[in-house]
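In: What follows is a predicted structure for the sequence shown.
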Amino acid sequence: MREVVVVGGGPAGTKTAALLAKDHDVLLLEEHSTFGRPAQCTGLITERVLESTGVRPEILNKFTGARFHFPDGNVIELSTNETKAVLIDRTELDTLMAEKAKDAGAELMTSVRYEGHSITDGHVSIMTNSGSYDSRAIIGADGHSSKVAMSFCDNPPREYVRGIQYDIRKESDVLDMIDLYFGNDVAPGFFAWSIPFNGFTRVGLCTSWDKGLPNDYLKTLLRKNGMDSCEVVRKYSGKIPLGGRRRTYSDNLLLVGDAAGQVKPISGGGLYPGLIAAEHAAQTVHEALKNDDLSSRFLSIYEKRWRKDLGKSLDRAYRIRKMYVKMDDDDFNRFVSHLRDERIMDIMRSADIDDPGVAVKRMMKHPAIMIRMLPTVLRSIV
Ligand SMILES: Cc1cc2nc3c(=O)[nH]c(=O)nc-3n(C[C@H](O)[C@H](O)[C@H](O)COP(=O)(O)OP(=O)(O)OC[C@H]3O[C@@H](n4cnc5c(N)ncnc54)[C@H](O)[C@@H]3O)c2cc1C
């Protein structure tokens, strides 16, 4: 019998497996035949997140600022003197992280799909499309639509957004800035992005679930930006769980990453919280195995630990998101005049993209913004 089975070979799963494999017998199951495909990610992360992956994928580009595009055509440019984010390829990242888990001693099995599990006398029996595996603990790192999460309690994420993204053969004239587009005709309930790298542009957007398919919005954005006749070299799509799950542990079981709803609600970025939570998951399961106690009571420490690191920031960001989805195009346009204020620009320049809620909160405390935003804030509460 294994000590741990990790379901899912994305970054959260491979990081947890790599950490645990130093001391334990770990098996990782991935339903696809290779790691990192299909990629469902832009690959825009901070250097801090890159560091925490423990691997060095090629950096496709670095960014020091952003241009914010508003519905009325206004554009605000925000540049800084530091690298705010880097662009990597998710397929490469996931492949390298899987290799690292293997090097650490984990056994990796591909083309094995988790289908369910049962727990008897503290032993987990995991059913897959290619037989069953016994283990003392199971870690659900199986992404946004986690079957492991569905198996133990009915607590879906508060919402999902749908995303679509194309890599387009088009060189951008400005290479160190990303473009972000806001508005209900562009990407209702979220935003759109356009990111240059090595002769290509990665263009994508997400939309709230009830706002129709994101493809239609992407086609419109490409047409508006004169990119509709450019060659599309790669397409991505996926969904993002927002608002978290109420519970991320049970007897012999933990959830980590998207499976646990550990995603930043403002940007949809899941790598930062997922990798932090992976460290707590590995630490907790290690201690549980050492103490021979895999009860839900013991494993509840995991949730306390990751919420201590991330809970406040994710909750704050979700409250901001609730306000954001109520904003109409006039609200977005009104924001522009404030963004021209140097004090607001300074707050934005110093923003940490792993926790953008702090900057938004600071901006909201600015009296002019507070008054302007009051109707929107009230609408979000109602
Ligand atoms: C369009 C888009 C753009 C994004 N851009 C960014 C970004 O720029 N930066 C960022 O930080 N985040 C981004 N995200 C979010 C990010 O992709 C996820 O948060 C991240 O992949 C979560 O990692 P994970 O390991 O938890 O899950 P995943 O990466 O989804 O990995 C889960 C793994 O589990 C496997 N699996 C699923 N079910 C089973 C099963 N039953 N049996 C076995 N294996 C299974 C899957 O094949 C997959 O390999 C984006 C998401 C989308 C949709």
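Out: Cool, got the structure.

In: Not counting residues beside it along the chain, what's closest to residue 152?
Out: If the residues on either side of it in the chain are set aside, residue 152 comes closest to residue 250, at 4.4 Å by C-beta to C-beta, 6 or more residues apart in numbering. Placement of C-beta: from N, CA and C, glycine included.

In: I figured that neighbour hits residue 295, correct?
Out: No. Contact between residue 250 and residue 295 fails when scored by C-beta atoms under 8 Å: they sit 9.7 Å apart.

In: Neighbour count: these two, which is higher?
Out: Per other C-beta atoms under 10 Å, whichever of residue 250 and residue 295 has more neighbours is residue 250, with 20 against 14.

In: For that one, give me the pLDDT.
Out: With respect to pLDDT, residue 250 scores 96.

In: Identify the residues contacting it.
Out: 152, 153, 296, 299 (C-beta atoms under 8 Å, 6 or more residues apart in numbering).

In: Is stretch 261-270 positioned near the ligand?
Out: Yes. Taking C-beta under 6 Å from any ligand atom as the criterion, stretch 261-270 and the ligand are in contact, through 263, 268, 269, 270.

In: List the buried residues for that stretch?
Out: Along stretch 261-270, the positions that meet the burial threshold by neighbour count (16 or more other C-beta atoms under 10 Å) are 261, 262, 263, 264, 265, 266, 267, 268, 269, 270.

In: partner residues bridging residue 240?
Out: With DSSP bridges as the criterion, the beta-bridge partners of residue 240 are residue 161.

In: Looking at the buried residues of stretch 261-270, spot the one nearest the ligand.
Out: Using C-beta to the nearest ligand atom, residue 270 is the member of these that sits closest to the ligand, with 1.7 Å.

In: my guess is that closest one meets residue 238, correct?
Out: No. Counting by C-beta under 8 Å, residue 270 stays clear of residue 238, with 10.3 Å between them.

In: so residue 203 is in which element?
Out: strand 200-208 (DSSP states H and E).

In: Which neighbours in the sheet does that strand have, and how are they oriented?
Out: Each strand that pairs with strand 200-208, with its direction, by DSSP bridges: strand 159-168 (antiparallel), strand 192-197 (antiparallel).

In: The lengthiest helix in the chain: what's the following helix or strand?
Out: The helix that spans the most residues within the chain, counting by DSSP state H, is helix 271-290. On the C-terminal side of helix 271-290, the closest following helix or strand by DSSP H and E is helix 296-306.

In: Measure how the following helix or strand past that next one sits relative to helix 296-306, angle-wise.
Out: Proceeding N to C from helix 296-306, the next assigned helix or strand is helix 312-324, under DSSP H and E. Inter-element angle recorded for helix 312-324 and helix 296-306: 70 degrees (by axes from the mean of the first three to the mean of the last three C-alpha atoms, to 10 degrees).

In: Begin at 50 from now on, thanks
Out: In the new count, where the first residue is 50, that last one comes out as helix 361-373.

In: what about helix 361-373, near the ligand?
Out: No. No part of helix 361-373 sits close enough to the ligand to count as contact by C-beta under 6 Å from any ligand atom; the gap is at least 12.5 Å.
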